[in-house]
Each structure stands twice: as structure tokens, then as C-alpha cells.
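# Fold the following.
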Amino acid sequence: MLLLLVIGMSALVEILGASPAVDSQPRPQVIRYDLDTDNMPNSYKYHYDASDGSSRTEHGAMVDSGKGEMALDVLGAVRWYDEKGHLFEMTYKAGKRGYRTIIKMLS
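Next comes the predicted model:
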């Protein structure tokens with residue numbers, strides 16, 4: 001569980017540290033960040049909002065796989081704006097059935 005949290009945090013740093021396509025644009029800054037690990041190792045959740053309007057929300061929980069084994073089940077969503085100002089959202093789910101994503105243009 002801790003490994004997944006570290007991987008998630010690494011991905012956050014990578015996303016926010018990525019060089020923008022236009023060098024004159026300022027790098028996005030995290031303006032809100034919430035992390036709830038009170039129920040670790042059974043579950044976690046986090047959320048961040050960035051100054052460029054992007055955001056990410058994720059929560060994970062250990063669930064019974066149906067075979068008497070515990071497995072991590074993760075749900076999340078990432079939002080971002082493209083260079084034309086269109087808002088996109090990718091929702092994802094990871095668990096015993098694999099990793100699935102859906103990407104939609106919201107505006």
C-alpha cells in the first residue's frame with residue numbers, strides 16, 4: 001500500500017514538473033492538496049488542485065478478491081485543459097480485473 005502511495009506521489013511530481021509546451025507559461029503550482037491515510041493499510045485517498053485548473057482525485061481500498069485474498073481496488077480521476085482551453089477528464093479503475101480508463105472532453 002505504501003508503495004502505491006509513493007508511486008502516486010511520484011506521478012504527481014512528474015505531472016506537475018513536466019515542462020509546458022510553451023516556455024513562457026508559468027509552471028503550475030499545487031494550490032490545494034488533501035491526503036487521508038488514517039485507515040492505512042486498508043484504504044487511502046488524496047486530491048489535489050493545481051493553478052492551471054488541473055486536478056486529480058484517487059482513493060484505494062483493500063477488498064476481498066473472492067478467493068480469500070485481499071486485493072487493492074483503486075478509483076480515480078484526472079482533469080486537465082489542453083492548449084485550446086478544452087477540459088478533459090480521465091477516469092480510471094484498477095483492481096482484480098486490470099486497469100481501465102475512460103477519457104472524455106468535458107468542454
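# what's the average pLDDT for stretch 24-43?
Averaged over stretch 24-43, pLDDT sits at 90.
# actually stretch 67-87, sorry about that
The predicted model gives stretch 67-87 an average pLDDT of 92.
# Touching that stretch from outside, list them.
Contact partners of stretch 67-87, identified using Cβ atoms under 8 Å, 6 or more residues apart in numbering, comprise 1, 4, 21-22, 52-65, 88-96, 105-107. Quick note: C-beta positions are derived from backbone N, CA and C, even for glycine.
# Among those residues, name the buried ones.
For the contacts of stretch 67-87, a neighbour count by 16 or more other Cβ atoms under 10 Å gives the buried set as 52, 54, 55, 56, 57, 58, 60, 61, 62, 94, 95.
# Is it possible to get CSV of the residues you listed that adds pLDDT and secondary structure?
Compiled in CSV, the buried ones among the contacts of stretch 67-87 are given as follows (pLDDT from 0 to 100; DSSP: H, G, I helix; E, B strand; the rest coil):
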residue, pLDDT, secondary structure
52, 93, coil
54, 95, coil
55, 96, strand
56, 97, strand
57, 97, strand
58, 97, strand
60, 96, strand
61, 95, strand
62, 93, strand
94, 94, strand
95, 90, strand
